[in-house]
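*Asks:* What shape does this take:
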Amino acid sequence: MPQSVLIVEDEPVLQKALVRFFEKRSYEVTAGSNGQDGLAFLEKKPFDLLLADLMLPDISGIDLIRRGREIQPSLVSLVMTGYGTIASAVEAIKAGAFHYITKPFELEDLYSLVTKALELRYLRQENKALRQELKKKFLPENIIGKSKKMQEIFTLLRRVSESDSTVLILGESGTGKELLAKAIHYSSRRSDRPLVTINCAAIPETLLESELFGHVKGAFTGAIQTHQGRFEEANGGTVFLDEIGDMSPRLQVKVLRVLQDHRFEPVGSNKTREVDVRIITATNRDLVQAVKEGTFREDLFYRLNVIPITLPPLRERKSDIPLLIHHFLNKINGENKKNIAGFESEAMDCLMEYAWPGNVRELENLVERLTILKGEGWIRVVDLLPHLRSEKRPEEMFHSLCLPEGGVSIRALMDDFETLLIRKALDKCGGNKNKAAALLQMNRTTLVEKIKRYELILSGEGLKEG
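*Replies:* Residues are numbered from 1 along each chain as shown. Predicted coordinates:
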């Protein structure tokens, strides 16, 4: 589809030349001789670019640009002006014009500016579309969880998103603190502005101050140019300070000032900058204990702890595990063109019994590993990593065992225990010897031999040849 240009120029010769020039380059061109014509065209149809003379017979080009943007917010504009009105052209840029060009001009020079202006428009539209996609992706309803604890968090999240209050997200590593921070931002009134994330533990202290607050040229060795900090980059939006518990006390003072006054100085500068940002922080540390130990400022803690949200570890929300696995399977199958149908019930039982020290992140990594390696079909117990197949170690299983005074036959005891395990495996698998062998991590032929040895024929009933 050709790009559309609206030309508003009251000099007939120049207007005709501009129309011919852009039509030859396959643009869809509409032309008007005054500001009212231009506004009427803008009301009727959308345009990609407005090319307007600054001095029109009825209204000024500045007013046309300003009112044009009200009608079509995504419109980009260029101003044509005489040498004596450059100051007015600069004013037009402040009103929203992309740039200006002075008369007389070469058409190729104008075309170069038009190309850049349209590229800017495309980037703006692309960024807007990406922000909309992010907003949809990270809305609270897209976070997985039906457990009571997660439902309580969702209720709190919706209330928090309506405000600009500072939020402190607490939880173990891998529980989804960054995901929650994104959900808060993209469901807030700041969702169309930047969300800037900083991992305070991943950046050395010597660089973190410059990263957060920026620096001026020559502030330190290697500062060869002025650098804008993340707080300025996020102006109007949200700053997410992950792992703030690892921030040094010296930097905590500067963050405290931003929270209190919305002001800071870049490294090496004595000029104060002002920013309008919402601050969300997260940590897996016990900040109350850190305050007691003197490693975290008490005044900063109270500033951050306006609305605390504690994400539960996965072991405390196990009812969410099947939902999370289903979500990760769909995602990873699609991204890698795999066809894993799901987890067999015995394998799912193992995952439900596991403690998940790495929380949701560990679960996602496991599902990705199994999906890539297996490729298709169902995930079985035998496909799981050894530490997932049995959560209990032998010493934990037998910690309550007592030896009788007269002693025991260890051989007979082991035979009895093996018999019990085989019976339980067969019962759990509905008598299917293939599945029971996989559950016991042995060959099917070995299992059949043991069944015969211990006479586990169960009166000839209940066993399947599968």
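*Asks:* rest of the way, CA atoms for contacts and neighbours
*Replies:* Noted.
*Asks:* Confirm for me that residue 434 is in contact with residue 442.
*Replies:* No. With contact defined as Cα atoms under 8 Å, residue 434 does not count as touching residue 442 (9.7 Å).
*Asks:* more neighbours, these two?
*Replies:* Neighbour count, other Cα atoms under 10 Å: between residue 434 and residue 442, residue 434 has more, with 19 against 13.
*Asks:* how about that one, phi and psi?
*Replies:* Note on residue 434: backbone dihedrals following degrees, to the nearest 10 are phi -60, psi -50.
*Asks:* Direction included, what does whichever strand or helix holds residue 80 pair up with?
*Replies:* In this assignment (DSSP states H and E), residue 80 forms part of strand 76-81. Strand 76-81 has the following sheet partners, assigned by DSSP bridges: strand 49-53 (parallel), strand 99-102 (parallel).
*Asks:* Would you mind listing the buried residues in whichever strand or helix holds residue 179?
*Replies:* Using DSSP H and E, the element containing residue 179 is helix 177-186. Across helix 177-186, burial judged by 16 or more other Cα atoms under 10 Å covers 177, 178, 180, 181, 182, 183, 184, 185, 186.
*Asks:* Distance to residue 365 and pLDDT for the residues you listed - can I get that in a markdown table?
*Replies:* Shown next, in a markdown table, are those (distance: Cα to Cα, whole Å; pLDDT from 0 to 100):
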| residue | distance to residue 365 | pLDDT |
| --- | --- | --- |
| 177 | 17 | 95 |
| 178 | 17 | 93 |
| 180 | 19 | 94 |
| 181 | 21 | 94 |
| 182 | 21 | 92 |
| 183 | 22 | 91 |
| 184 | 25 | 93 |
| 185 | 26 | 93 |
| 186 | 26 | 89 |
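*Asks:* Out of those, the closest to residue 17 would be?
*Replies:* Using Cα to Cα, residue 186 comes nearest to residue 17 of the buried residues of helix 177-186, at 47.1 Å.
*Asks:* before we move on, the earlier item: compare the strands paired with strand 76-81 and say which comes out lowest on pLDDT.
*Replies:* Comparing mean pLDDT across these, the weakest is strand 99-102, with a mean of 86.
*Asks:* tell me how far that strand is from the chain's mean position?
*Replies:* Put simply, strand 99-102 sits 40 Å off its chain's centre (Cα atoms, centre = their mean, to the nearest Å).
*Asks:* And the helices in the stretch 151-300 of the chain?
*Replies:* Here the stretch 151-300 of the chain has its helices, by DSSP state H, counting those that start in this stretch, at 177-186, 205-213, 230-233, 249-261, 287-293, 298-304.
*Asks:* Same list (those) but as CSV, adding distance to residue 5.
*Replies:* As requested, the helices of the stretch 151-300 of the chain are exported to CSV (distance: least, Cα to Cα, whole Å):
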stretch, distance to residue 5
helix 177-186, 34
helix 205-213, 41
helix 230-233, 33
helix 249-261, 45
helix 287-293, 58
helix 298-304, 50
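*Asks:* who touches residue 59 in this structure?
*Replies:* Shown in contact with residue 59 (Cα atoms under 8 Å, 6 or more residues apart in numbering): 34, 35, 36.
*Asks:* quick one: which of these has the most company?
*Replies:* The most crowded member of the contacts of residue 59, judged by other Cα under 10 Å, is residue 35 (27 neighbours).
*Asks:* Would you mind measuring from the closest residue to that one other than its chain neighbours to residue 325?
*Replies:* With sequence-adjacent residues excluded and distances taken as Cα to Cα, 6 or more residues apart in numbering, residue 35 is closest to residue 59, at 5.5 Å. Residue 59 is 62 Å from residue 325, where distance means Cα to Cα, to the nearest Å.
*Asks:* same thing with residue 53?
*Replies:* Relative to residue 325, residue 53 is positioned 61 Å away (Cα to Cα).
*Asks:* Tell me which of these two has more neighbours.
*Replies:* residue 53 (28 against 21).
*Asks:* residues near the closest residue to that one other than its chain neighbours, how many?
*Replies:* Sequence neighbours aside, residue 80 is the residue nearest to residue 53 in space, at 4.7 Å (criterion: Cα to Cα, 6+ apart). Residue 80 has 24 neighbours, counted by other Cα under 10 Å.
*Asks:* repeat for residue 303
*Replies:* 15.
*Asks:* so what's it up against?
*Replies:* Residue 303 sits next to 166, 256, 259 when contact means Cα under 8 Å, 6+ apart.
*Asks:* Chain neighbours aside, what residue packs nearest to the last one?
*Replies:* In other words, residue 259. Excluding the flanking residues, the one nearest residue 259 by Cα to Cα, 6+ apart is residue 303, at 7.3 Å.
*Asks:* Please report how far the one you found lies from residue 257.
*Replies:* Taken as Cα to Cα, the span from residue 303 to residue 257 is 10 Å.
*Asks:* Could you do residue 195 as well?
*Replies:* Going from residue 195 to residue 257 by Cα to Cα gives 20 Å.
*Asks:* if you count what's nearby, which of the two comes out ahead?
*Replies:* Between residue 195 and residue 257, counted using other Cα under 10 Å, residue 195 has the larger neighbour count: 23 against 13.
*Asks:* my guess is the more buried one meets residue 232, correct?
*Replies:* No. Residue 195 is beyond contact range of residue 232, at 11.5 Å (criterion: Cα under 8 Å).
*Asks:* For the closest residue in space to residue 100 that isn't next to it in sequence, list the residues it contacts.
*Replies:* Of all residues not flanking residue 100 in the chain, residue 79 sits nearest, at 4.5 Å (Cα to Cα, 6+ apart). Shown in contact with residue 79 (Cα under 8 Å, 6+ apart): 51, 52, 53, 54, 61, 89, 92, 97, 99, 100, 101.
*Asks:* likewise residue 193?
*Replies:* Applying Cα under 8 Å, 6+ apart to residue 193 gives the contacts 234, 235, 236, 237, 238.
*Asks:* who wins for most neighbours among the residues you listed?
*Replies:* residue 238 (28 neighbours).
*Asks:* Bridging across strands, which residues link to that residue?
*Replies:* Under the criterion used here (DSSP bridges), residue 238 is bridged to residue 195, residue 278.
*Asks:* What of residue 168?
*Replies:* On the basis of DSSP bridges, residue 168 is bridged to residue 281, residue 308.
*Asks:* re earlier: how about the buried residues of helix 177-186 in a markdown table, adding distance to residue 46?
*Replies:* Listed next are those as a markdown table, based on distance: Cα to Cα, whole Å:
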| residue | distance to residue 46 |
| --- | --- |
| 177 | 42 |
| 178 | 39 |
| 180 | 38 |
| 181 | 37 |
| 182 | 33 |
| 183 | 33 |
| 184 | 34 |
| 185 | 31 |
| 186 | 28 |
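*Asks:* closest to residue 68 among the residues you listed?
*Replies:* Nearest to residue 68, judged by Cα to Cα, of the buried residues of helix 177-186 is residue 186 at 28.9 Å.
*Asks:* mind showing which ranges of the stretch 301-450 of the chain have poor pLDDT?
*Replies:* Where the stretch 301-450 of the chain drops to pLDDT under 70, the residues are 390-404.
*Asks:* Just the helices from it, written as ranges.
*Replies:* Applying DSSP H, counting those that start in this stretch to the stretch 301-450 of the chain gives helices spanning 321-336, 345-353, 359-374, 386-389, 394-397, 410-428, 433-439, 444-453.
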